[in-house]
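S.K.: sequence unknown, structure follows:
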């Protein structure tokens, strides 16, 4: 039966970011994504997933816990996956079957709809389909036809089919291969999604178990940094924060992922910090410096209506610029081999108070009311990060990242900064910084810390957003 439907794939793990699959050949996953998926239009979607399958080999020392679908997970505990449209939409069962086989090959170990592990005598993966209940193109007859064909494709897999059909719910599937999970509300323009559903372990996997195997090979961290995660992730990161090696590895990966976005997009808002800092430290006219400071603050959310800056021109920063240029504060400027240190905290607090006093004195009018600028720790720390780079920006994502890692003292004050230095020293982060590429090493230490903790908080927010 011919049809005109729009479909795609749900990826819940390394299918989205890993390039090669050992048994499938070099770059098989990358080639599959580039040739068959519309990667420019993927969406982050809420689905019931968790870490629950032990994958890999004990002998090779590469066992890790990977993600599975779990239809019992309630909506408020769902995780985040990626829904990606097909680049060329199938128009018949045969062309849809071809796309599913290609997905199966990218998953690994052949093109079957049911994947059999000879060593463990298990069905480790089954291909399934999920239909959009609000589709206007998918009628009952067409859906029944696709499911009948899907069931027949499952039966073509001689090895393992009896095991699957005896308990399809183990894979969150029906007898006909229909995924027994809710349609992700974020997906509006597709009629169906296909996915590879893997066999869970016989017990609910704890966060400690996940962490115990993270070192074996990359999986959890790349997932998290691509916005693919579960409701377990917050506790997993808190647990791995007790391990110095894992803390160092996570720091390196977050900073490199952040910088990679800058490299891949020269107009990314991340660059506004770098432009602002270079202009501030350079021989430019005050007006030019104020314009860059205003642009940087706006790109990082400080020109929202409630704060008051939106009601002022860039010249509001003129007096702040004069304060920053006081010679007493020159030691706080971080560049080349000059970094922030514990010995400078009191001077930093003095500068913070002066900037706060200035901005608090500024009155703005909004809808007939007169108010003073709100001088939050977020605003002052962002100004200092964009000019001196002597402190991270204490915004909601940075603070959330600190909390996820169990870092106490999450405020922009003497104790908070001392605790940040203690975390840096205790975990030997200087060793990681020395291993970063030359371009990243040019960034001041406080910017690197900002990149790390901000990324953790930001990505966790994406994963938890419903």
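M.R.: Yes, it's here. Everything numeric here is computed off the predicted structure, so don't read it as measured data.
S.K.: And the closest residue to residue 259 other than its chain neighbours, how far from residue 310?
M.R.: Leaving aside its sequence neighbours, residue 259 sits nearest to residue 440 (CB to CB, 6 or more residues apart in numbering; 5.2 Å). Yep, even glycine has a C-beta here, placed from its N, CA and C like the rest. Residue 440 sits 33 Å away from residue 310, going by CB to CB, to the nearest Å.
S.K.: and these two? which has more neighbours close in?
M.R.: More neighbours surround residue 440 than the other of residue 440 and residue 310, with 19 against 13 (other CB atoms under 10 Å).
S.K.: need the next SSE after the host helix or strand of the more buried one, C-terminal direction.
M.R.: Residue 440 is part of helix 438-441 when elements are defined by DSSP states H and E. Later in the chain than helix 438-441, the nearest helix or strand by DSSP H and E is helix 445-464.
S.K.: So which other helices or strands are in contact with that next one?
M.R.: If you count contacts as 3 or more CB pairs under 8 Å, 6 or more residues apart in numbering; DSSP states H and E, helix 445-464 packs onto strand 79-85, helix 220-225, helix 233-240, helix 244-264, helix 377-387, helix 396-404, helix 414-426.
S.K.: ok so, going back, would you mark the buried spots in the helix holding residue 440?
M.R.: Using 16 or more other CB atoms under 10 Å as the test for burial, helix 438-441 gives residue 440.
S.K.: what is the mean pLDDT for that helix?
M.R.: Averaging pLDDT along helix 438-441 yields 90.
S.K.: repeat for stretch 160-169
M.R.: Mean per-residue pLDDT for stretch 160-169: 93.
S.K.: Can you get me the start-to-end distance on that stretch?
M.R.: Length of stretch 160-169, first residue to last, CA to CA, to the nearest Å: 15 Å.
S.K.: on that earlier part again, for the helix holding residue 440, the distance to its chain's centre please.
M.R.: The chain centre lies 22 Å from the centre of helix 438-441; the measure is CA atoms, centre = their mean, to the nearest Å.
S.K.: mind starting the numbering at 16 from now?
M.R.: All set: I'll call the first residue 16, so the last point we hit is now helix 453-456.
S.K.: which helices and strands sit right next to the strand or helix carrying residue 309?
M.R.: Using DSSP H and E, residue 309 sits within helix 301-314. The elements that helix 301-314 packs onto, with contact taken as 3+ CB pairs under 8 Å, 6+ apart, are helix 286-296, helix 333-339, helix 392-402.
S.K.: do that again at 6 Å, thanks
M.R.: When contacts are defined as 3 or more CB pairs under 6 Å, 6 or more residues apart in numbering; DSSP states H and E, helix 301-314 packs onto helix 286-296.
S.K.: Nearest spatial neighbour of residue 269, chain-adjacent residues omitted?
M.R.: Nearest non-adjacent residue to residue 269 (CB to CB, 6+ apart): residue 470, at 4.3 Å.
S.K.: And for stretch 299-314, what's in contact with it?
M.R.: 284, 287, 290, 291, 294, 295, 329, 332, 336, 401 (CB atoms under 6 Å, 6 or more residues apart in numbering).
S.K.: Please apply the same query to stretch 26-45.
M.R.: Identification of contacts with stretch 26-45 by CB under 6 Å, 6+ apart yields 64, 81, 82, 96, 97, 120, 121, 123, 124, 237, 238, 241.
S.K.: That stretch: which residues count as buried?
M.R.: For stretch 26-45, burial by neighbour count (16+ other CB under 10 Å) applies to 26, 27, 28, 29, 30, 31, 32, 33, 36, 39, 43, 44.
S.K.: Dump these to JSON lines, plus distance to residue 114, secondary structure and pLDDT.
M.R.: Formatted as JSON lines, the buried residues of stretch 26-45 follow (distance: CB to CB, whole Å; DSSP: H, G, I helix; E, B strand; the rest coil; pLDDT from 0 to 100):
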{"residue": "26", "distance to residue 114": "14", "secondary structure": "strand", "pLDDT": "97"}
{"residue": "27", "distance to residue 114": "18", "secondary structure": "coil", "pLDDT": "95"}
{"residue": "28", "distance to residue 114": "19", "secondary structure": "coil", "pLDDT": "91"}
{"residue": "29", "distance to residue 114": "19", "secondary structure": "coil", "pLDDT": "94"}
{"residue": "30", "distance to residue 114": "14", "secondary structure": "coil", "pLDDT": "95"}
{"residue": "31", "distance to residue 114": "16", "secondary structure": "coil", "pLDDT": "96"}
{"residue": "32", "distance to residue 114": "20", "secondary structure": "coil", "pLDDT": "95"}
{"residue": "33", "distance to residue 114": "19", "secondary structure": "coil", "pLDDT": "93"}
{"residue": "36", "distance to residue 114": "17", "secondary structure": "strand", "pLDDT": "70"}
{"residue": "39", "distance to residue 114": "16", "secondary structure": "coil", "pLDDT": "48"}
{"residue": "43", "distance to residue 114": "15", "secondary structure": "helix", "pLDDT": "91"}
{"residue": "44", "distance to residue 114": "15", "secondary structure": "helix", "pLDDT": "94"}
